[in-house]
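*Asks:* Pasted the sequence and its predicted model underneath.
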Amino acid sequence: MGQAFCCVQVDQSTVAIKESFGKFDDVLQPGCHCLPWIFGKRVAGRLSLRMQQLDVNCETKTKDNVFVNVVASIQYRALPLPDKARDAFYKLSNTQYQIQAYVFDVIRDRVPKRTLDETFLQKNEIAKDVEDELKKAMPAYGFEIVQTLIVDIEPDEHVKRAMNDINAAARLRMAADEKAEAEKIVQIKKAEGEAEAKYLSGVGIARQRQAIVDGLRDSVLGFSVNVPGTTPKDVLDMVLITQYFDTMKEIGAQSKSSSVFIPHGPGAVRDIAQQVRDGLAGL
């Protein structure tokens with residue numbers, strides 16, 4: 001109906017390309033326009049001014065020979081100026097294909113200069129390089145590059161599996177080291193406890209023996225004073241004989257005793273007494 005009355009409507013965020021007998025004439029802004037078609041005026045096409053997004057998947061190889069798939073997201077829009085809108089409409093038949101070509105060129109130039117780890121760490125720098133290249137090239141075709149992002153870097157599936165195995169092995173090794181360190185600490189503490197226990201046991205045995213010696217000395221001195229005419233040797237022999245018979249009594253009272261005196265007999269007490277006297281003399 002609009003064409004019948006020579007009227008054309010241009011929607012918001014859109015411009016229309018006006019031609020006269022097939023030649024560019026003007027850029028029509030949003031609103032209603034009169035185009036007398038009987039004079040060769042017509043709308044050749046429309047151009048959206050909305051922001052658009054293009055996701056580009058680029059496969060390339062890193063410096064350490066790992067194939068990766070880099071996904072770049074390009075946000076762009078056509079410029080509303082008449083000259084730029086004309087360029088955007090007439091100069092490129094496939095805008096996305098042109099942008100994709102520039103993205104491929106930059107990514108395949110920058111990524112092979114970096115290792116896989118560097119590519120992950122420096123993805124913002126790669127995105128900046130792509131954006132700078134597009135901003136230099138695309139205005140000549142009537143388009144503005146708003147933003148460029150590297151949204152994903154995906155290595156080959158085998159490489160990903162190998163990386164996961166390496167990380168898992170590293171974590172297992174770390175866990176084993178921590179476990180070994182914990183066991184080492186436990187063993188050290190156990191050894192320190194055993195050493196302290198042995199030291200205290202030795203101190204106790206030494207005090208016990210000292211008490212026995214003091215008790216024997218007091219007994220010998222007390223017996224010598226209370227029974228005139230006895231010598232310390234007689235008292236010590238009597239004490240040893242008494243302890244000998246007490247020991248034999250205790251051994252006989254236990255049916256499962258495995259203690260054996262060699263040589264055995266009352267006469268052996270003299271030898272034992274001599275050994276004790278020699279020990280006391282050494283003390």
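*Replies:* Yep, that arrived.
*Asks:* pLDDT score for residue 270?
*Replies:* According to the prediction, residue 270 has pLDDT 61.
*Asks:* what about the residue nearest to residue 134 when sequence neighbours are not counted, neighbour count?
*Replies:* Closest residue to residue 134 apart from its sequence neighbours, by Cβ to Cβ, 6 or more residues apart in numbering: residue 145 at 4.4 Å. Any C-beta I mention is one placed from the backbone N, CA and C, and that applies to glycine too. By other Cβ atoms under 10 Å, 21 other residues sit near residue 145.
*Asks:* Surely residue 145 and residue 130 touch.
*Replies:* No. Between residue 145 and residue 130 there is no contact under Cβ atoms under 8 Å: 9.1 Å.
*Asks:* hey, what's in contact with both of those two?
*Replies:* Residues touching both residue 145 and residue 130 by Cβ atoms under 8 Å, 6 or more residues apart in numbering: residue 74.
*Asks:* Within the helices and strands, which one has residue 25?
*Replies:* strand 23-28 (DSSP states H and E).
*Asks:* What's the mean pLDDT across that strand?
*Replies:* Rounded mean pLDDT across strand 23-28 is 87.
*Asks:* Show me what counts as buried in it.
*Replies:* By neighbour count with 16 or more other Cβ atoms under 10 Å, strand 23-28 contains the buried residues 25, 26, 27, 28.
*Asks:* Nearest residue to the middle of the chain?
*Replies:* residue 171 (7.0 Å; Cα atoms, centre = their mean).
*Asks:* by contact count, what packs against the helix or strand hosting it?
*Replies:* Assigned by DSSP H and E, residue 171 belongs to helix 157-226. Secondary-structure packing of helix 157-226 (3 or more Cβ pairs under 8 Å, 6 or more residues apart in numbering; DSSP states H and E): helix 232-253.
*Asks:* Residue 75 against residue 52, yeah?
*Replies:* Yes. The pair residue 75 / residue 52 is scored as a contact, 7.3 Å apart, by Cβ under 8 Å.
*Asks:* now the angle from the strand or helix carrying residue 73 to helix 157-226?
*Replies:* For residue 73, the host element (DSSP H and E) is strand 67-78. If you take axes from the mean of the first three to the mean of the last three Cα atoms, to 10 degrees, strand 67-78 sits at 120 degrees to helix 157-226.
*Asks:* neighbouring strands for strand 67-78, and are they parallel or not?
*Replies:* strand 52-61 (antiparallel), strand 143-155 (antiparallel) (DSSP bridges).
*Asks:* Out of the ones you listed, flag the one nearest residue 41.
*Replies:* Ranking the strands paired with strand 67-78 by distance to residue 41, with Cβ to Cβ as the measure, places strand 143-155 first at 26.8 Å.
*Asks:* thinking in terms of the whole chain, how far from its middle is the closest one?
*Replies:* 29 Å (Cα atoms, centre = their mean, to the nearest Å).
*Asks:* Just the CA trace of it, in CSV.
*Replies:* Taking Å, rounded to 0.1, in the frame of the first residue of the first chain, the C-alpha atoms of strand 143-155 are listed here in CSV:
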residue,chain,number,x,y,z
PHE,A,143,31.4,-1.2,10.4
GLU,A,144,32.5,-0.5,14.0
ILE,A,145,34.1,-3.2,16.2
VAL,A,146,32.7,-2.8,19.7
GLN,A,147,34.5,-5.6,21.6
THR,A,148,36.4,-8.8,21.0
LEU,A,149,36.6,-11.6,23.5
ILE,A,150,38.4,-15.0,23.5
VAL,A,151,35.7,-17.0,25.2
ASP,A,152,37.2,-20.5,25.0
ILE,A,153,40.5,-22.3,24.3
GLU,A,154,39.9,-26.0,24.0
PRO,A,155,42.8,-28.4,23.4
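*Asks:* Let me see the residues that make contact with it.
*Replies:* 51, 55, 66-79, 88, 95, 116, 119-120, 123-124, 126-128, 130-131, 134-135, 138, 160, 163.
*Asks:* so what's residue 55 closest to, chain neighbours aside?
*Replies:* Closest to residue 55 by Cβ to Cβ, 6+ apart is residue 73, at 5.3 Å.
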